[in-house]
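Visitor: give the three-dimensional model of this entry:
(4 chains)
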There are 2 protein chains.
Amino acid sequence: MLHLLGSTKHAEKRKSTLVKMDEVIFDFLSKYIELTQEEKDIISDLKFIRSYKKGSVLLSEGDLGKECFFILKGCIYSYYLVEGELKVTEFFTEKQAITPVSYTLKKPSEYYLECLEDCIVSIGSQERSAEIMKKIPRLATLGPNFLEDELASQRMKYDTFIKLSPEQRYQNLQEQSPELLNRIPQYLIASYLGIKPESLSRIRKRLLKASGS
Amino acid sequence: MLHLLGSTKHAEKRKSTLVKMDEVIFDFLSKYIELTQEEKDIISDLKFIRSYKKGSVLLSEGDLGKECFFILKGCIYSYYLVEGELKVTEFFTEKQAITPVSYTLKKPSEYYLECLEDCIVSIGSQERSAEIMKKIPRLATLGPNFLEDELASQRMKYDTFIKLSPEQRYQNLQEQSPELLNRIPQYLIASYLGIKPESLSRIRKRLLKASGS
DNA sequence: GCTTTTCATTGACCTGGGTTAAGAAATCGC
DNA sequence: GCGATTTCTTAACCCAGGTCAATGAAAAGC
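Guide: Next up is the predicted model:
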(Lines give C-alpha, C1' and ligand atoms only; values in the text may rest on other atoms or scores of the structure.)
Protein backbone atom coordinates (compact mmCIF):
# COMPACT_ATOMS: atom_id res chain seq x y z
CA MET A 1 0.00 0.00 0.00
CA LEU A 2 2.86 2.41 -0.50
CA HIS A 3 0.61 4.84 -2.16
CA LEU A 4 1.17 8.06 -0.36
CA LEU A 5 3.65 8.29 -3.03
CA GLY A 6 3.86 9.39 -6.61
CA SER A 7 4.48 12.36 -8.87
CA THR A 8 1.95 15.18 -9.04
CA LYS A 9 1.11 17.95 -11.39
CA HIS A 10 -1.41 19.27 -8.90
CA ALA A 11 0.92 21.31 -6.76
CA GLU A 12 -0.78 24.60 -7.53
CA LYS A 13 -3.10 24.79 -4.53
CA ARG A 14 -2.84 26.89 -1.43
CA LYS A 15 0.52 26.08 0.13
CA SER A 16 -0.68 26.16 3.73
CA THR A 17 -3.30 23.49 3.16
CA LEU A 18 -0.88 21.22 1.40
CA VAL A 19 1.66 21.46 4.17
CA LYS A 20 -1.01 20.53 6.69
CA MET A 21 -2.02 17.58 4.54
CA ASP A 22 1.56 16.40 4.39
CA GLU A 23 1.61 16.26 8.17
CA VAL A 24 -1.24 13.75 8.01
CA ILE A 25 0.90 11.53 5.83
CA PHE A 26 4.00 11.80 8.00
CA ASP A 27 1.94 11.18 11.08
CA PHE A 28 0.77 7.92 9.54
CA LEU A 29 4.22 6.89 8.36
CA SER A 30 5.77 7.61 11.74
CA LYS A 31 3.99 4.52 13.07
CA TYR A 32 6.33 2.44 10.93
CA ILE A 33 9.46 4.43 10.22
CA GLU A 34 11.28 7.61 11.19
CA LEU A 35 11.85 9.90 8.25
CA THR A 36 14.50 12.56 7.82
CA GLN A 37 13.49 16.00 6.57
CA GLU A 38 15.10 15.16 3.26
CA GLU A 39 12.97 12.07 2.86
CA LYS A 40 9.86 13.97 3.84
CA ASP A 41 10.64 16.49 1.13
CA ILE A 42 10.95 13.73 -1.45
CA ILE A 43 7.56 12.37 -0.46
CA SER A 44 5.95 15.81 -0.45
CA ASP A 45 7.30 16.25 -3.92
CA LEU A 46 6.16 12.97 -5.37
CA LYS A 47 2.79 12.38 -3.75
CA PHE A 48 -0.31 12.64 -5.88
CA ILE A 49 -3.34 14.33 -4.39
CA ARG A 50 -6.87 14.62 -5.64
CA SER A 51 -10.11 15.87 -4.11
CA TYR A 52 -13.55 14.40 -4.51
CA LYS A 53 -17.06 15.63 -3.92
CA LYS A 54 -19.35 13.83 -1.53
CA GLY A 55 -20.96 10.93 -3.32
CA SER A 56 -18.02 10.33 -5.69
CA VAL A 57 -17.43 6.65 -6.32
CA LEU A 58 -13.74 5.79 -6.21
CA LEU A 59 -14.16 2.12 -7.06
CA SER A 60 -17.10 0.20 -8.53
CA GLU A 61 -17.99 -3.46 -8.75
CA GLY A 62 -16.18 -4.86 -11.77
CA ASP A 63 -13.48 -2.20 -11.79
CA LEU A 64 -9.93 -3.37 -12.08
CA GLY A 65 -8.89 -0.98 -9.33
CA LYS A 66 -5.33 0.00 -10.10
CA GLU A 67 -5.23 2.61 -7.36
CA CYS A 68 -5.02 2.60 -3.62
CA PHE A 69 -5.86 5.48 -1.36
CA PHE A 70 -4.82 7.36 1.71
CA ILE A 71 -7.33 9.73 3.25
CA LEU A 72 -6.03 13.17 4.13
CA LYS A 73 -9.45 14.61 4.84
CA GLY A 74 -13.00 13.27 4.71
CA CYS A 75 -14.66 9.91 5.02
CA ILE A 76 -15.02 6.97 2.64
CA TYR A 77 -17.02 3.78 3.02
CA SER A 78 -16.92 0.42 1.30
CA TYR A 79 -19.99 -1.65 0.50
CA TYR A 80 -21.32 -4.55 -1.50
CA LEU A 81 -24.53 -4.40 -3.49
CA VAL A 82 -26.19 -7.76 -2.96
CA GLU A 83 -29.54 -8.11 -4.65
CA GLY A 84 -29.93 -4.36 -4.72
CA GLU A 85 -29.19 -4.06 -1.04
CA LEU A 86 -26.30 -2.07 0.44
CA LYS A 87 -24.00 -4.03 2.73
CA VAL A 88 -21.46 -1.73 4.35
CA THR A 89 -18.19 -3.38 5.34
CA GLU A 90 -16.02 -0.49 6.51
CA PHE A 91 -15.68 3.21 7.16
CA PHE A 92 -12.38 4.97 6.59
CA THR A 93 -11.38 8.41 7.81
CA GLU A 94 -8.32 10.66 8.11
CA LYS A 95 -4.94 8.91 8.31
CA GLN A 96 -6.33 5.65 7.02
CA ALA A 97 -5.05 3.72 4.05
CA ILE A 98 -7.37 1.81 1.74
CA THR A 99 -5.87 -1.02 -0.26
CA PRO A 100 -8.66 -2.63 -2.27
CA VAL A 101 -8.56 -6.38 -2.71
CA SER A 102 -8.73 -5.72 -6.45
CA TYR A 103 -5.49 -3.73 -6.18
CA THR A 104 -3.62 -6.51 -4.44
CA LEU A 105 -5.06 -9.42 -6.39
CA LYS A 106 -5.30 -7.62 -9.75
CA LYS A 107 -8.81 -8.79 -10.42
CA PRO A 108 -12.18 -7.01 -10.72
CA SER A 109 -13.55 -5.51 -7.54
CA GLU A 110 -16.61 -7.03 -5.92
CA TYR A 111 -17.39 -3.94 -3.90
CA TYR A 112 -17.64 -0.17 -4.02
CA LEU A 113 -15.74 2.70 -2.44
CA GLU A 114 -17.65 5.95 -2.09
CA CYS A 115 -17.05 9.32 -0.48
CA LEU A 116 -19.37 10.06 2.38
CA GLU A 117 -18.07 13.61 2.59
CA ASP A 118 -15.98 15.88 0.40
CA CYS A 119 -12.58 14.21 0.49
CA ILE A 120 -8.93 14.96 -0.07
CA VAL A 121 -7.13 11.78 -0.96
CA SER A 122 -3.58 10.75 -1.77
CA ILE A 123 -3.60 8.22 -4.57
CA GLY A 124 -1.11 5.41 -5.01
CA SER A 125 -0.29 3.04 -7.84
CA GLN A 126 2.24 0.30 -8.51
CA GLU A 127 4.29 2.66 -10.68
CA ARG A 128 4.35 5.49 -8.15
CA SER A 129 5.24 3.08 -5.37
CA ALA A 130 8.14 1.79 -7.43
CA GLU A 131 9.32 5.34 -8.14
CA ILE A 132 9.34 6.36 -4.51
CA MET A 133 10.94 3.10 -3.44
CA LYS A 134 13.80 3.79 -5.76
CA LYS A 135 14.46 7.10 -4.00
CA ILE A 136 13.89 5.87 -0.45
CA PRO A 137 14.70 2.15 -0.48
CA ARG A 138 14.30 1.68 3.26
CA LEU A 139 10.58 2.34 2.86
CA ALA A 140 10.41 -1.26 1.67
CA THR A 141 10.57 -2.45 5.28
CA LEU A 142 7.25 -0.73 5.79
CA GLY A 143 5.34 -3.10 3.51
CA PRO A 144 5.32 -6.29 5.59
CA ASN A 145 4.73 -4.37 8.82
CA PHE A 146 1.76 -2.64 7.35
CA LEU A 147 0.41 -5.91 5.97
CA GLU A 148 0.77 -7.54 9.37
CA ASP A 149 -1.14 -4.73 11.05
CA GLU A 150 -3.87 -4.88 8.43
CA LEU A 151 -4.17 -8.64 8.80
CA ALA A 152 -4.37 -8.44 12.56
CA SER A 153 -7.02 -5.72 12.50
CA GLN A 154 -9.04 -7.49 9.82
CA ARG A 155 -9.05 -10.61 11.97
CA MET A 156 -10.10 -8.68 15.02
CA LYS A 157 -12.90 -7.13 13.04
CA TYR A 158 -14.20 -10.53 11.98
CA ASP A 159 -13.83 -12.00 15.42
CA THR A 160 -15.61 -9.09 17.08
CA PHE A 161 -18.47 -9.43 14.64
CA ILE A 162 -18.77 -13.14 15.36
CA LYS A 163 -18.65 -12.72 19.09
CA LEU A 164 -21.17 -9.94 19.58
CA SER A 165 -24.91 -9.51 19.07
CA PRO A 166 -26.11 -6.52 17.03
CA GLU A 167 -26.88 -4.64 20.23
CA GLN A 168 -23.44 -5.38 21.63
CA ARG A 169 -21.85 -4.38 18.34
CA TYR A 170 -23.53 -1.00 18.59
CA GLN A 171 -22.33 -0.51 22.14
CA ASN A 172 -18.88 -1.59 21.08
CA LEU A 173 -18.90 0.96 18.28
CA GLN A 174 -20.06 3.64 20.71
CA GLU A 175 -17.07 2.91 22.92
CA GLN A 176 -14.45 2.31 20.24
CA SER A 177 -15.31 4.98 17.69
CA PRO A 178 -17.91 7.40 19.05
CA GLU A 179 -16.86 9.99 16.47
CA LEU A 180 -18.25 7.80 13.68
CA LEU A 181 -21.72 7.98 15.20
CA ASN A 182 -21.72 11.76 14.80
CA ARG A 183 -20.43 11.65 11.30
CA ILE A 184 -22.18 8.83 9.51
CA PRO A 185 -25.90 8.49 8.76
CA GLN A 186 -27.60 5.84 10.82
CA TYR A 187 -28.84 3.72 7.97
CA LEU A 188 -25.20 3.14 7.01
CA ILE A 189 -24.23 2.43 10.61
CA ALA A 190 -27.09 -0.07 10.74
CA SER A 191 -25.87 -1.81 7.61
CA TYR A 192 -22.34 -1.90 9.03
CA LEU A 193 -23.71 -3.57 12.17
CA GLY A 194 -25.53 -6.13 10.04
CA ILE A 195 -29.07 -4.91 10.76
CA LYS A 196 -31.80 -2.68 9.30
CA PRO A 197 -32.22 1.02 10.21
CA GLU A 198 -35.49 0.26 12.01
CA SER A 199 -33.73 -2.23 14.26
CA LEU A 200 -30.98 0.23 15.07
CA SER A 201 -33.64 2.75 16.09
CA ARG A 202 -35.16 0.20 18.44
CA ILE A 203 -31.77 -0.73 19.87
CA ARG A 204 -31.00 2.92 20.53
CA LYS A 205 -34.33 3.39 22.25
CA ARG A 206 -33.80 0.27 24.32
CA LEU A 207 -30.36 1.41 25.45
CA LEU A 208 -31.53 4.95 26.23
CA LYS A 209 -34.32 3.57 28.39
CA ALA A 210 -31.94 1.20 30.19
CA SER A 211 -29.32 3.87 30.92
CA GLY A 212 -31.89 6.52 31.84
CA SER A 213 -33.69 4.56 34.55
CA MET B 1 4.69 -17.63 9.01
CA LEU B 2 7.93 -19.21 7.89
CA HIS B 3 7.49 -21.98 10.30
CA LEU B 4 7.76 -25.10 8.27
CA LEU B 5 11.20 -24.60 9.35
CA GLY B 6 13.41 -25.42 12.23
CA SER B 7 15.74 -27.99 13.73
CA THR B 8 14.36 -31.31 14.89
CA LYS B 9 15.44 -34.08 17.16
CA HIS B 10 12.41 -36.10 16.17
CA ALA B 11 13.75 -37.67 13.02
CA GLU B 12 13.45 -41.20 14.31
CA LYS B 13 10.06 -42.07 12.82
CA ARG B 14 9.20 -44.21 9.87
CA LYS B 15 11.07 -42.76 6.91
CA SER B 16 8.29 -43.31 4.40
CA THR B 17 5.76 -41.30 6.38
CA LEU B 18 8.16 -38.45 6.84
CA VAL B 19 8.94 -38.24 3.17
CA LYS B 20 5.24 -38.09 2.39
CA MET B 21 4.80 -35.34 4.97
CA ASP B 22 7.61 -33.37 3.38
CA GLU B 23 5.72 -33.44 0.11
CA VAL B 24 2.83 -31.66 1.83
CA ILE B 25 5.21 -28.87 2.79
CA PHE B 26 6.74 -28.54 -0.65
CA ASP B 27 3.33 -28.60 -2.23
CA PHE B 28 2.39 -25.63 -0.09
CA LEU B 29 5.61 -23.75 -0.73
CA SER B 30 5.34 -24.28 -4.50
CA LYS B 31 2.48 -21.78 -4.53
CA TYR B 32 5.02 -19.10 -3.72
CA ILE B 33 8.45 -20.25 -4.81
CA GLU B 34 10.20 -22.97 -6.78
CA LEU B 35 12.69 -24.86 -4.70
CA THR B 36 15.73 -26.80 -5.83
CA GLN B 37 16.32 -30.30 -4.47
CA GLU B 38 19.13 -28.89 -2.39
CA GLU B 39 16.85 -26.38 -0.78
CA LYS B 40 14.21 -29.01 -0.17
CA ASP B 41 16.82 -31.12 1.60
CA ILE B 42 17.73 -28.21 3.83
CA ILE B 43 14.11 -27.74 4.78
CA SER B 44 13.56 -31.47 5.34
CA ASP B 45 16.54 -31.38 7.61
CA LEU B 46 15.57 -28.38 9.68
CA LYS B 47 11.82 -28.68 10.03
CA PHE B 48 10.37 -29.54 13.39
CA ILE B 49 7.50 -31.99 13.52
CA ARG B 50 5.26 -33.03 16.35
CA SER B 51 2.10 -35.09 16.60
CA TYR B 52 -0.91 -34.46 18.79
CA LYS B 53 -3.85 -36.52 19.96
CA LYS B 54 -7.36 -35.42 19.17
CA GLY B 55 -8.46 -32.87 21.73
CA SER B 56 -4.98 -31.48 22.33
CA VAL B 57 -5.00 -27.74 22.83
CA LEU B 58 -2.17 -26.04 20.93
CA LEU B 59 -2.95 -22.53 22.13
CA SER B 60 -5.09 -21.25 25.01
CA GLU B 61 -6.57 -17.90 25.87
CA GLY B 62 -3.87 -15.92 27.65
CA ASP B 63 -1.00 -17.89 26.12
CA LEU B 64 1.82 -15.90 24.66
CA GLY B 65 1.83 -18.14 21.59
CA LYS B 66 5.41 -18.22 20.43
CA GLU B 67 4.72 -20.89 17.85
CA CYS B 68 3.01 -21.06 14.52
CA PHE B 69 1.82 -24.19 12.79
CA PHE B 70 1.58 -25.95 9.49
CA ILE B 71 -0.74 -28.92 9.28
CA LEU B 72 0.68 -32.02 7.64
CA LYS B 73 -2.20 -34.24 8.66
CA GLY B 74 -5.37 -33.75 10.64
CA CYS B 75 -7.69 -30.91 11.44
CA ILE B 76 -7.45 -28.01 13.87
CA TYR B 77 -10.04 -25.40 14.78
CA SER B 78 -9.86 -22.01 16.43
CA TYR B 79 -12.47 -20.68 18.83
CA TYR B 80 -13.23 -18.06 21.42
CA LEU B 81 -14.86 -18.82 24.73
CA VAL B 82 -17.28 -15.99 25.34
CA GLU B 83 -19.30 -16.33 28.52
CA GLY B 84 -18.72 -20.05 28.50
CA GLU B 85 -19.89 -20.40 24.94
CA LEU B 86 -17.78 -21.75 22.07
CA LYS B 87 -17.47 -19.42 19.08
CA VAL B 88 -15.67 -21.18 16.25
CA THR B 89 -13.83 -18.87 13.87
CA GLU B 90 -11.96 -21.23 11.56
CA PHE B 91 -11.15 -24.79 10.57
CA PHE B 92 -7.71 -25.69 9.30
CA THR B 93 -6.71 -28.88 7.49
CA GLU B 94 -3.80 -30.35 5.54
CA LYS B 95 -1.51 -27.87 3.77
CA GLN B 96 -2.77 -24.95 5.79
CA ALA B 97 -0.63 -22.60 7.85
CA ILE B 98 -1.83 -21.17 11.14
CA THR B 99 -0.23 -17.95 12.30
CA PRO B 100 -1.92 -16.93 15.55
CA VAL B 101 -2.48 -13.22 16.11
CA SER B 102 -0.58 -13.67 19.37
CA TYR B 103 2.43 -14.88 17.38
CA THR B 104 2.46 -11.86 15.11
CA LEU B 105 1.59 -9.26 17.71
CA LYS B 106 3.50 -10.85 20.59
CA LYS B 107 0.66 -10.48 23.03
CA PRO B 108 -1.57 -12.98 24.88
CA SER B 109 -3.96 -14.95 22.74
CA GLU B 110 -7.67 -14.28 22.98
CA TYR B 111 -8.64 -17.58 21.42
CA TYR B 112 -7.91 -21.29 21.41
CA LEU B 113 -6.47 -23.74 18.91
CA GLU B 114 -7.49 -27.34 19.34
CA CYS B 115 -7.03 -30.59 17.44
CA LEU B 116 -10.23 -32.02 16.07
CA GLU B 117 -8.44 -35.17 15.00
CA ASP B 118 -5.07 -36.75 15.67
CA CYS B 119 -2.68 -34.33 14.00
CA ILE B 120 0.83 -34.16 12.59
CA VAL B 121 2.03 -30.61 12.65
CA SER B 122 5.15 -28.73 11.64
CA ILE B 123 5.97 -26.12 14.22
CA GLY B 124 7.59 -22.77 13.56
CA SER B 125 9.17 -20.13 15.73
CA GLN B 126 10.97 -16.85 15.23
CA GLU B 127 14.31 -18.52 15.89
CA ARG B 128 13.76 -21.40 13.48
CA SER B 129 12.53 -19.02 10.80
CA ALA B 130 15.69 -16.97 11.21
CA GLU B 131 17.81 -20.07 10.99
CA ILE B 132 16.25 -21.28 7.77
CA MET B 133 16.29 -17.78 6.28
CA LYS B 134 20.00 -17.67 6.81
CA LYS B 135 20.41 -20.82 4.73
CA ILE B 136 17.87 -19.96 2.03
CA PRO B 137 17.71 -16.16 1.92
CA ARG B 138 15.37 -15.99 -1.06
CA LEU B 139 12.64 -17.50 1.10
CA ALA B 140 12.26 -13.97 2.46
CA THR B 141 10.28 -12.99 -0.64
CA LEU B 142 7.66 -15.47 0.45
CA GLY B 143 6.68 -13.49 3.54
CA PRO B 144 4.88 -10.51 1.98
CA ASN B 145 3.19 -12.72 -0.65
CA PHE B 146 1.85 -15.01 2.01
CA LEU B 147 0.67 -12.06 4.08
CA GLU B 148 -1.13 -10.61 1.09
CA ASP B 149 -2.90 -13.90 0.43
CA GLU B 150 -3.87 -14.21 4.05
CA LEU B 151 -5.20 -10.68 4.15
CA ALA B 152 -7.24 -11.15 0.99
CA SER B 153 -8.75 -14.42 2.21
CA GLN B 154 -9.47 -13.00 5.65
CA ARG B 155 -11.32 -10.11 4.03
CA MET B 156 -13.29 -12.40 1.80
CA LYS B 157 -14.24 -14.46 4.81
CA TYR B 158 -15.58 -11.40 6.60
CA ASP B 159 -17.37 -10.11 3.56
CA THR B 160 -19.01 -13.45 2.86
CA PHE B 161 -20.22 -13.64 6.41
CA ILE B 162 -21.69 -10.14 6.18
CA LYS B 163 -23.38 -10.76 2.89
CA LEU B 164 -25.09 -14.06 3.59
CA SER B 165 -27.81 -15.31 5.89
CA PRO B 166 -27.08 -18.37 8.05
CA GLU B 167 -28.90 -20.57 5.55
CA GLN B 168 -26.93 -19.13 2.64
CA ARG B 169 -23.72 -19.53 4.61
CA TYR B 170 -24.45 -23.22 5.02
CA GLN B 171 -25.13 -23.62 1.31
CA ASN B 172 -21.99 -21.69 0.55
CA LEU B 173 -19.98 -24.00 2.79
CA GLN B 174 -21.55 -27.03 1.10
CA GLU B 175 -20.35 -25.74 -2.26
CA GLN B 176 -16.97 -24.40 -1.24
CA SER B 177 -15.76 -27.02 1.21
CA PRO B 178 -18.05 -30.08 1.18
CA GLU B 179 -15.26 -32.17 2.69
CA LEU B 180 -15.50 -30.20 5.93
CA LEU B 181 -19.12 -31.30 6.38
CA ASN B 182 -18.04 -34.94 6.46
CA ARG B 183 -15.22 -34.32 8.82
CA ILE B 184 -16.42 -31.90 11.43
CA PRO B 185 -19.23 -32.39 13.97
CA GLN B 186 -22.29 -30.33 13.21
CA TYR B 187 -22.36 -28.43 16.46
CA LEU B 188 -19.00 -26.95 15.50
CA ILE B 189 -20.17 -26.22 11.96
CA ALA B 190 -23.18 -24.48 13.47
CA SER B 191 -20.99 -22.33 15.68
CA TYR B 192 -18.81 -21.49 12.68
CA LEU B 193 -21.93 -20.36 10.79
CA GLY B 194 -22.95 -18.20 13.72
CA ILE B 195 -25.96 -20.26 14.83
CA LYS B 196 -26.95 -23.01 17.29
CA PRO B 197 -26.91 -26.73 16.45
CA GLU B 198 -30.71 -26.86 16.62
CA SER B 199 -30.97 -24.16 13.99
CA LEU B 200 -28.55 -25.95 11.71
CA SER B 201 -30.70 -29.06 12.00
CA ARG B 202 -33.72 -27.06 10.93
CA ILE B 203 -31.86 -25.49 8.05
CA ARG B 204 -30.74 -28.89 6.84
CA LYS B 205 -34.26 -30.22 7.03
CA ARG B 206 -35.60 -27.17 5.19
CA LEU B 207 -33.05 -27.56 2.41
CA LEU B 208 -33.63 -31.30 2.09
CA LYS B 209 -37.35 -30.76 1.76
CA ALA B 210 -36.83 -28.01 -0.82
CA SER B 211 -34.44 -30.06 -2.97
CA GLY B 212 -36.41 -33.29 -2.58
CA SER B 213 -39.74 -31.99 -3.86
C1' DG C 1 -37.32 30.83 1.62
C1' DC C 2 -39.86 27.10 0.12
C1' DT C 3 -40.06 22.62 -1.87
C1' DT C 4 -38.36 18.10 -2.37
C1' DT C 5 -35.91 14.40 -1.01
C1' DT C 6 -33.62 11.82 2.28
C1' DC C 7 -33.29 10.03 6.85
C1' DA C 8 -35.02 8.60 11.43
C1' DT C 9 -38.61 6.87 14.23
C1' DT C 10 -42.73 4.29 15.49
C1' DG C 11 -46.27 0.71 15.41
C1' DA C 12 -48.35 -3.79 13.92
C1' DC C 13 -47.29 -7.95 12.40
C1' DC C 14 -44.09 -11.83 10.63
C1' DT C 15 -40.23 -14.96 10.78
C1' DG C 16 -35.96 -17.29 11.57
C1' DG C 17 -33.06 -18.37 15.03
C1' DG C 18 -32.63 -19.08 20.36
C1' DT C 19 -34.07 -21.83 24.42
C1' DT C 20 -35.43 -25.76 26.81
C1' DA C 21 -36.21 -30.40 27.11
C1' DA C 22 -36.55 -34.95 25.38
C1' DG C 23 -35.49 -38.79 22.71
C1' DA C 24 -32.77 -41.02 18.77
C1' DA C 25 -28.49 -41.99 16.60
C1' DA C 26 -23.73 -42.34 16.35
C1' DT C 27 -19.19 -42.94 18.68
C1' DC C 28 -16.14 -44.08 22.23
C1' DG C 29 -14.03 -46.84 25.74
C1' DC C 30 -13.15 -50.98 27.53
C1' DG D 1 -20.07 -56.35 21.99
C1' DC D 2 -22.28 -53.35 25.10
C1' DG D 3 -23.06 -49.57 28.15
C1' DA D 4 -21.71 -44.69 28.47
C1' DT D 5 -21.07 -40.56 26.38
C1' DT D 6 -21.38 -37.43 22.77
C1' DT D 7 -23.81 -35.67 18.93
C1' DC D 8 -28.05 -34.91 16.22
C1' DT D 9 -32.87 -34.18 15.68
C1' DT D 10 -37.59 -32.74 16.94
C1' DA D 11 -41.12 -30.10 19.18
C1' DA D 12 -43.14 -26.11 21.74
C1' DC D 13 -42.56 -21.66 22.95
C1' DC D 14 -39.98 -17.06 23.05
C1' DC D 15 -37.88 -12.99 21.21
C1' DA D 16 -34.81 -9.90 18.49
C1' DG D 17 -34.64 -8.38 14.23
C1' DG D 18 -37.11 -8.04 9.53
C1' DT D 19 -41.01 -6.11 6.87
C1' DC D 20 -44.40 -2.87 5.64
C1' DA D 21 -46.48 1.39 6.13
C1' DA D 22 -47.10 5.95 8.07
C1' DT D 23 -45.33 10.11 10.15
C1' DG D 24 -41.93 13.48 11.51
C1' DA D 25 -37.45 15.69 11.19
C1' DA D 26 -33.58 17.23 8.76
C1' DA D 27 -30.87 18.23 4.53
C1' DA D 28 -30.36 19.35 -0.07
C1' DG D 29 -31.87 21.72 -4.25
C1' DC D 30 -33.31 25.51 -6.52
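
Visitor: and residue A:161, what does it touch?
Guide: Remark: with contacts taken as CB atoms under 8 Å, 6 or more residues apart in numbering or on different chains, residue A:161 is in contact with A:169, A:194, B:158, B:161-162. The C-beta positions use only the backbone N, C-alpha and C, and glycine is treated the same way.

Visitor: which of those residues fall within strands?
Guide: Cross-referencing the contacts of residue A:161 against strands under DSSP state E gives no overlap.

Visitor: so of those, which ones are in helices?
Guide: Here DSSP state H is the test, and those give A:169, B:158, B:161-162 as lying in helices.

Visitor: nearest to DNA strand D, out of those: which one, please.
Guide: Of all the ones in helices among the contacts of residue A:161, the one sitting nearest DNA strand D is residue A:169; the distance, using CB to the nearest atom of the strand, is 8.4 Å.

Visitor: do I have it right that the closest one meets residue A:190?
Guide: No. Under the criterion of CB atoms under 8 Å, residue A:169 makes no contact with residue A:190, lying 10.5 Å away.

Visitor: run through the contacts of residue A:161 and flag the ones next to DNA strand D.
Guide: Among the contacts of residue A:161, the ones lying near DNA strand D by CB under 7 Å from any atom of the strand are residue A:194.

Visitor: among the contacts of residue A:161, which ones are buried?
Guide: In the contacts of residue A:161, burial by neighbour count holds for A:169, A:194, B:158, B:161-162, counting by 16 or more other CB atoms under 10 Å in any protein chain shown.

Visitor: closest one to residue B:87 out of those, please.
Guide: Of all the buried ones among the contacts of residue A:161, the one with the least separation from residue B:87 (CB to CB) is residue B:161, at 12.5 Å.

Visitor: tell me which element residue A:122 is part of?
Guide: Here residue A:122 is covered by strand A:119-124, with elements defined by DSSP states H and E.

Visitor: tell me what whichever helix or strand comes after that strand is packed against?
Guide: Moving toward the C-terminus from strand A:119-124, the first helix or strand encountered (DSSP H and E) is helix A:126-135. Helix A:126-135 is packed against helix A:37-46, with contacts defined by 3 or more CB pairs under 8 Å, 6 or more residues apart in numbering or on different chains; DSSP states H and E.

Visitor: after the helix it packs on, which helix or strand is next? Please name it.
Guide: Proceeding C-terminally, helix A:37-46 gives way to strand A:49-52 as the next helix or strand, assigned by DSSP H and E.

Visitor: chain center to that following strand, what's the gap?
Guide: Centroid displacement of strand A:49-52 relative to its chain, using CA atoms, centre = their mean, to the nearest Å, is 14 Å.

Visitor: mean confidence for it?
Guide: Per-residue pLDDT values over strand A:49-52 give a mean of 87.

Visitor: which strands and helices sit next to it?
Guide: With contacts defined as 3+ CB pairs under 8 Å, 6+ apart, the packing partners of strand A:49-52 are strand A:119-124.

Visitor: run the angle between the strand it packs on and helix A:37-46 for me.
Guide: For strand A:119-124 against helix A:37-46, the angle by axes from the mean of the first three to the mean of the last three CA atoms, to 10 degrees is 110 degrees.

Visitor: pLDDT of strand A:119-124, averaged?
Guide: Averaged across strand A:119-124, the pLDDT comes to 90.

Visitor: do the same with stretch A:88-101
Guide: Confidence over stretch A:88-101, taken as the mean pLDDT, stands at 93.

Visitor: how long is it from one end to the other?
Guide: Counting by CA to CA, to the nearest Å, the length from the leading to the trailing residue of stretch A:88-101 is 15 Å.

Visitor: can it be found next to chain B?
Guide: Yes. Using CB under 8 Å from any CB of the partner chain, stretch A:88-101 comes into contact with chain B via A:89, A:101.

Visitor: flag every buried residue along that stretch.
Guide: By neighbour count, and taking 16+ other CB under 10 Å as the criterion, the buried residues in stretch A:88-101 are A:88-94, A:97-101.

Visitor: quick one: which helix or strand includes residue A:70?
Guide: The secondary structure element spanning residue A:70 is strand A:68-73 (assigned by DSSP H and E).

Visitor: ok and that strand relative to strand A:119-124, angle-wise?
Guide: Relative orientation of strand A:68-73 with respect to strand A:119-124: 150 degrees, computed using the same axes, to 10 degrees.

Visitor: the very next helix or strand once past strand A:68-73 close to chain B?
Guide: Toward the C-terminal end, the helix or strand that comes next after strand A:68-73 (DSSP H and E) is strand A:76-82. Yes. Using CB under 8 Å from any CB, strand A:76-82 comes into contact with chain B via A:80, A:82.

Visitor: need the next SSE after strand A:76-82, C-terminal direction.
Guide: Following strand A:76-82 in sequence order, the next helix or strand is strand A:85-92 (DSSP H and E).

Visitor: quick one: strands adjacent to that next one?
Guide: Strand pairing for strand A:85-92, using DSSP bridges, gives strand A:76-82 (antiparallel).

Visitor: let me see the residues that make contact with the partner strand.
Guide: A:58, A:61, A:69, A:86-93, A:98, A:110-116, A:119, A:121, A:184, A:188, A:191, B:159, B:162-163.

Visitor: pull up the residues of chain A that are close to DNA strand D.
Guide: Taking CB under 7 Å from any atom of the strand as the criterion, the contact residues of chain A with DNA strand D come out as A:165-167, A:194-196, A:198-199, A:202-203.

Visitor: and which of those residues is nearest to residue B:133?
Guide: Distance to residue B:133 across the residues of chain A next to DNA strand D (CB to CB) is lowest for residue A:194, with 41.8 Å.
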